[in-house]
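**Student:** Got a predicted structure plus its sequence, pasted below:
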Number of protein chains: 2
Amino acid sequence: MTGIVLGAFEINGVNLTSQGLWAHPEQHTVRYTDLDYWVELARLLDRGGFDFLFLADSYGYPHLNGETPAVAFEQAAEIPKNDPMLLIPALALATDRLGFAVTSSSTYEAPYANARRFATLDHLTRGRIAWNVVTTTATVVKDLFGAERLIPHDERYAVAEEYLQLSYELFEGSWEDGAVLADQRRRIYADPAKVHKVVHHGRYFDVEGYFNCEPSPQRTPVIFQAGASPAGLAFAARNAEVVFVQGRNAEAVAEQVRTLHRLVEEAGRDPASVKAIAGLSAVVGLDRADAQRRLDDYLSYVHEDAARVYFAQMTGIDLAALAPETEVSSLSTQQSRTQLTRFDGATAAEAFAEFARRGMREFILLGSGEQIADEMVDLVERTGLDGFNFTPFVSPGSYRDFVDRVVPALRARGAVPPVPVGGTLRQRLFGESRLPGTHPAAAARHRAPEAPQERA
Amino acid sequence: MTGIVLGAFEINGVNLTSQGLWAHPEQHTVRYTDLDYWVELARLLDRGGFDFLFLADSYGYPHLNGETPAVAFEQAAEIPKNDPMLLIPALALATDRLGFAVTSSSTYEAPYANARRFATLDHLTRGRIAWNVVTTTATVVKDLFGAERLIPHDERYAVAEEYLQLSYELFEGSWEDGAVLADQRRRIYADPAKVHKVVHHGRYFDVEGYFNCEPSPQRTPVIFQAGASPAGLAFAARNAEVVFVQGRNAEAVAEQVRTLHRLVEEAGRDPASVKAIAGLSAVVGLDRADAQRRLDDYLSYVHEDAARVYFAQMTGIDLAALAPETEVSSLSTQQSRTQLTRFDGATAAEAFAEFARRGMREFILLGSGEQIADEMVDLVERTGLDGFNFTPFVSPGSYRDFVDRVVPALRARGAVPPVPVGGTLRQRLFGESRLPGTHPAAAARHRAPEAPQERA
C-alpha cells in the first residue's frame, strides 16, 4: 500500500485552475491536443511514484448573464476542452503503475454505456482505473444535451445513487467469478449458468439485460467523489473510496475529514476504506524566499476576469456582482456548493482574491524539497488527510520540480514507498483489488440460492 | 493516395464473424482484453500498409425467442465484448500511419458527447479517425438503454440524417479556421469573433451552445457506412465516404457499386469522393490446394448453433426456423437488411450454409501470395470496388500471412503504394484532409455575412 496518497490534478485543456497561467513561458499545456505531451507527463508521474492522474471534466464552459464572455475564449477558460477519458488507454500503454481517475457525469452519460467504458478501461489498464462521479448542474450543459429541465440539487444525488446502484449491478452482478473459462481446447468460453441478466427498473433508470463485459480486475472502478453539501457528503460516505475535501485552511480541512469519517462509519463502512485528499501545490526553490519569488512570477499571470467567469461557471455565483463584504457562507446556489465551501468564513471580496490566486487548491507550499516534504507530513498529521491532489502552476515544470526535489525527501522520511507500488489501483490504495463486503457494490454480487439446510 | 484500399475488420471481443473459430489453436483473440495484443496487431497492419483498422461494434448480443441461448456465452458469440473506441488512443500511440474506423450508433449515443469523442480522437490520432455510422435496431439494446420504443427502420435514417447534420454543425460550424491563435506572448488563446454558437432545434435533437473542441485536423471524421436498404443507400450516398457493399458474388457486388455511384452522383457528389469496399479473406498456401486444406481446417471449427443465433441477432431472422427453400430476397425484417442482402438469390438453407462458413465476407481467396494478389486486382476491375475490408479467420495469423505474402505481391503489381502513405486518413484516401464543398458537412461551415455590394 501507498503512504501519502499522491494524485495529479489535470484537465484535457489549456488552462487548469489558475486562470491566465496558460500563457506563462514555462507552461506547456498549449500542447494538450498532442498525445506525446501527455505520455511525457504520465511517465514523469509514474517515475515519481504518483498513485494516479486525476482528469477533471465537464461539458460546461463559462456563461454569465446569458452569454459566454469573450474572455473565456481569449483565456481558454474551460474552453476548448477535449474528452479526457480517451487519453487513458494511451497513457496506460506508456506506464506500468500509474492509476487513472476520470470524471463522468451521472446526469448525462447513459449508465450502460458508461459502465461498459469503465469496464473496458479496467481491462485495458489492468485494473488501474477510477471513476470520479459527478452530478452536472450547469444550464449550459443542459442545453448541449437538449435536456428539458435542470434536476434540482438534492434530486441529482438521488439520481446519482440509483445510477451507482445500477452500475454496481452491471460491474459486479452480471458475471460471476469463474464465469469465464476461455478454454480453447474444450471449446467453451463462458459458463452460461454463471452469467446473469441485470433487471433494474428504478425511479430514473430501466435496464434489462446482460453486461457486455466479462469480469475485469477491479470490477467496480475505484470510486472518487467530491461532495460538500449534506446530500453530497452522505453520497460520498456511502459510495466513495477517495474523497476530495475542501476548506479554507488546515483547521477547516480537518473538520471536513472528521465529518467524513463519522459519516462513513454511520454508513457501516470502515473509515480506513476511504481516503481523504485535498488540493495542494508545491513551489520549490532554494529556500522559501526563492520559492515565493517563483510563485509571485506565476501569479503575475493571473487573469482576474477569466477567474471571475470561471468561478461563476463552477458555482453559479458571480462574486464580482456581490457587495464585497457579503459572507460566502450565506450564499446559496442551484449548483454545487463544493467550490463555495472552500471559502466559507470569507467575504466575497476575500474569496475572489483567494480564488484568483489559489484556484482549487487547499494548500500552496513553498520552500526547498525538504521543507515542503516536512510540511506535507505535518499537514497529514494535523488534518487527518490521507494525501493530496497535486495541482501544478506550470506543466510539466511543477511536476518535475516535485518529482525531482520533493519526492526524494518524502521517500527519505518514509512518507511514500521507496519504490512505487504496482498492481491494481485499489490494491495500491487499500491492499485489495475488489471492494470489501461492507461497500454497497458487494450487495450487487450474485449469490447462489442457498442450499436447503437440514435442521440440527 | 492509396491504391487498393485495405481495411482490417475487427471487434473488441473473442469471436469475429465465423462463429466457433475463436477456439482454433492459431486463434489469439482470447487475448482481446490485453492492450499488448492490439498493439502487436496494429503495428503489423501499419507495417503491411493497411489504410485502417475497422472496429465494428454493437451493444447487442444474441437473443432468440425471448432469451439469450446458452450457446452465445459458451461460444462467445458477440458477448463478451468491450468498447472498441477505447483501443484507439493506445493504437494511435503505437503506430505512425494506420487509420482507425470505429462504430458509433446514432440511436443511442448523445450527439454532443459523441462529437466530442470523435473530435478528441481526431486530435489524438492527428487526423487518422473515421466514424462508422450505424443505426441500432435490436430490441436487446433498447432494453439496455431503457428506451421506450424501437424506432421504425426508415425513421431511424431520418434520425441518423439529423444526427449527422447536427454533428457537422459541431465539427465544422462552431470554430472557424484561424479561430485558435494559442499565442502565449500576446496572451490570447482564441479569437471570440471566430467561435460560434451552434443552435440546432430539430425534430429529434435540441442542442444549443459552443462545441467544446477546437478544430482538429480532419474536423469531421471520415464517414463510413453500410447501407443496403433504399433508405440506407440514400443515406450513404449523401453522407458516406467509405461504403461497405454486400453481394453474394462479384456480379452482385458490381451491381451494388454501380447503384452506389449513381446515387452519389444524384446526391450532387463526385463518385470518386466515395470508396466502395467489401469483406474479403485470404488464405495463403503453397498453392490453391494447400490453401484449401488450411481453410477446411479453419472451417472445421465452425459452430453452427452459434452461427444461427449470431445471424438472428444481426438480421432479426432465424434461418433455421424457416422452410429450407424460402427465398432470402422474400424476407422482410424490422432490423437492418444489410446482412440479408448478401444472400439475396439464395434459399434459407443455402444462406445458412454460406453464412456459417463465410460470415460477413463477400470473397474468400485461396492460393499463393501472387495468386491472391492477382485475384484482388481482377476483382477490383470486375466489380468497380475500391478495396476490401480484410476479415481474418485467425488472428493475428491471417494478417501475418497477408502482410508477408500478399502485400509484397500487391506492391510488385503497383496495386498498393511501395511505401505506406502517411498524413490524415482522408488525405490518404482522397488526397485532402477536409471534406469537399459538395459534401453536406461543408454547408455547416460558418460563412461571414457578405459585405454589402455596390451596384455596378
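**Tutor:** Everything's here; your move.

**Student:** for chain A, which spans come out with low pLDDT?
**Tutor:** A:1, A:448-456 (pLDDT under 70).

**Student:** can you give me the strands for it?
**Tutor:** Along chain A, counting by DSSP state E, strands occupy A:5-11, A:52-56, A:99-105, A:129-134, A:180-183, A:188-190, A:198-201, A:206-209, A:222-225, A:242-244, A:275-284, A:363-367, A:387-390.

**Student:** Mind putting those strands into a markdown table with mean neighbour count and distance to chain B?
**Tutor:** (Each C-beta comes from the backbone N, C-alpha and C, glycine too.) Shown next, in a markdown table, are the strands of chain A (neighbours: other C-beta atoms under 10 Å in any protein chain shown; distance: least, C-beta to the nearest C-beta, whole Å):
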| stretch | mean neighbour count | distance to chain B |
| --- | --- | --- |
| strand A:5-11 | 25 | 11 |
| strand A:52-56 | 25 | 12 |
| strand A:99-105 | 24 | 10 |
| strand A:129-134 | 26 | 10 |
| strand A:180-183 | 16 | 5 |
| strand A:188-190 | 22 | 4 |
| strand A:198-201 | 16 | 9 |
| strand A:206-209 | 20 | 4 |
| strand A:222-225 | 26 | 18 |
| strand A:242-244 | 26 | 22 |
| strand A:275-284 | 24 | 20 |
| strand A:363-367 | 21 | 23 |
| strand A:387-390 | 25 | 23 |
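
**Student:** any chance of the ones you listed in JSON lines, plus distance to residue A:441?
**Tutor:** Shown next, in JSON lines, are the strands of chain A (distance: least, C-beta to C-beta, whole Å):
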{"stretch": "strand A:5-11", "distance to residue A:441": "21"}
{"stretch": "strand A:52-56", "distance to residue A:441": "19"}
{"stretch": "strand A:99-105", "distance to residue A:441": "16"}
{"stretch": "strand A:129-134", "distance to residue A:441": "12"}
{"stretch": "strand A:180-183", "distance to residue A:441": "20"}
{"stretch": "strand A:188-190", "distance to residue A:441": "22"}
{"stretch": "strand A:198-201", "distance to residue A:441": "13"}
{"stretch": "strand A:206-209", "distance to residue A:441": "16"}
{"stretch": "strand A:222-225", "distance to residue A:441": "8"}
{"stretch": "strand A:242-244", "distance to residue A:441": "15"}
{"stretch": "strand A:275-284", "distance to residue A:441": "17"}
{"stretch": "strand A:363-367", "distance to residue A:441": "32"}
{"stretch": "strand A:387-390", "distance to residue A:441": "23"}
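
**Student:** how long is stretch A:433-446 from one end to the other?
**Tutor:** Using C-alpha to C-alpha, to the nearest Å, the end-to-end distance of stretch A:433-446 comes to 18 Å.

**Student:** same question but for stretch A:410-419, I mixed them up
**Tutor:** Start-to-end, stretch A:410-419 (C-alpha to C-alpha) is 12 Å.

**Student:** Just the buried positions in that stretch, please.
**Tutor:** A:410-411, A:415-416 (16 or more other C-beta atoms under 10 Å in any protein chain shown).

**Student:** just stretch A:341-355 next, same as before
**Tutor:** A:341-348, A:350-353, A:355.

**Student:** Report the distance from stretch A:176-194 to the chain centre.
**Tutor:** 35 Å (C-alpha atoms, centre = their mean, to the nearest Å).

**Student:** Report the two of the buried residues of stretch A:410-419 separated the most.
**Tutor:** Greatest spacing in the buried residues of stretch A:410-419, by C-beta to C-beta: A:411 and A:415 (7.6 Å).

**Student:** just to revisit the earlier point, farthest pair in the buried residues of stretch A:341-355?
**Tutor:** Comparing every pair within these by C-beta to C-beta identifies A:341 and A:353 as the most remote, at 17.5 Å.

**Student:** which residues does the residue nearest the centre of chain A contact?
**Tutor:** By C-alpha atoms, centre = their mean, chain A has its centre lying nearest to residue A:132, at 4.6 Å. Shown in contact with residue A:132 (C-beta atoms under 8 Å, 6 or more residues apart in numbering or on different chains): A:54-56, A:101-104, A:224-226.

**Student:** again, 7 Å this time
**Tutor:** Contacts were defined as C-beta atoms under 7 Å, 6 or more residues apart in numbering or on different chains; by that measure residue A:132 touches A:54, A:101-103, A:224-225.

**Student:** and these, which two are the farthest apart?
**Tutor:** A:102 and A:225 (13.1 Å).

**Student:** need the contact list for residue A:247.
**Tutor:** Residue A:247 touches A:253, A:255-256, A:342, A:362, counting by C-beta under 7 Å, 6+ apart.

**Student:** Show the buried residues in those.
**Tutor:** Buried among the contacts of residue A:247 by 16+ other C-beta under 10 Å: A:253, A:256, A:342, A:362.

**Student:** Distance to residue A:186 added to the residues you listed, as a markdown table?
**Tutor:** Output for the buried ones among the contacts of residue A:247, formatted as a markdown table (distance: C-beta to C-beta, whole Å):
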| residue | distance to residue A:186 |
| --- | --- |
| A:253 | 56 |
| A:256 | 55 |
| A:342 | 58 |
| A:362 | 56 |
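
**Student:** In TSV: the contacts of residue A:247, plus distance to chain B.
**Tutor:** Shown next, in TSV, are those (distance: C-beta to the nearest C-beta, whole Å):
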residue	distance to chain B
A:253	32
A:255	36
A:256	31
A:342	25
A:362	28
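
**Student:** Out of those residues, which is nearest to residue B:264?
**Tutor:** Among the contacts of residue A:247, and counting by C-beta to C-beta, the member closest to residue B:264 is residue A:342, at 57.4 Å.

**Student:** So for that closest one, what's the nearest residue that isn't a sequence neighbour?
**Tutor:** residue A:246 (4.3 Å; C-beta to C-beta, 6 or more residues apart in numbering or on different chains).

**Student:** try residue A:377
**Tutor:** Residue nearest to residue A:377 in three dimensions, not counting chain neighbours: residue A:415, with 5.3 Å by C-beta to C-beta, 6+ apart.

**Student:** backbone phi and psi for that neighbour, please?
**Tutor:** phi -80, psi -20 (degrees, to the nearest 10).

**Student:** ok, residue A:23 to chain B distance?
**Tutor:** 4 Å (C-beta to the nearest C-beta, to the nearest Å).

**Student:** same question, residue A:269
**Tutor:** 30 Å.

**Student:** list the contacts for that residue?
**Tutor:** A:438-439.

**Student:** I'd say residue A:228 and residue A:243 touch.
**Tutor:** No. If you go by C-beta atoms under 7 Å, residue A:228 and residue A:243 don't touch, sitting 10.1 Å apart.
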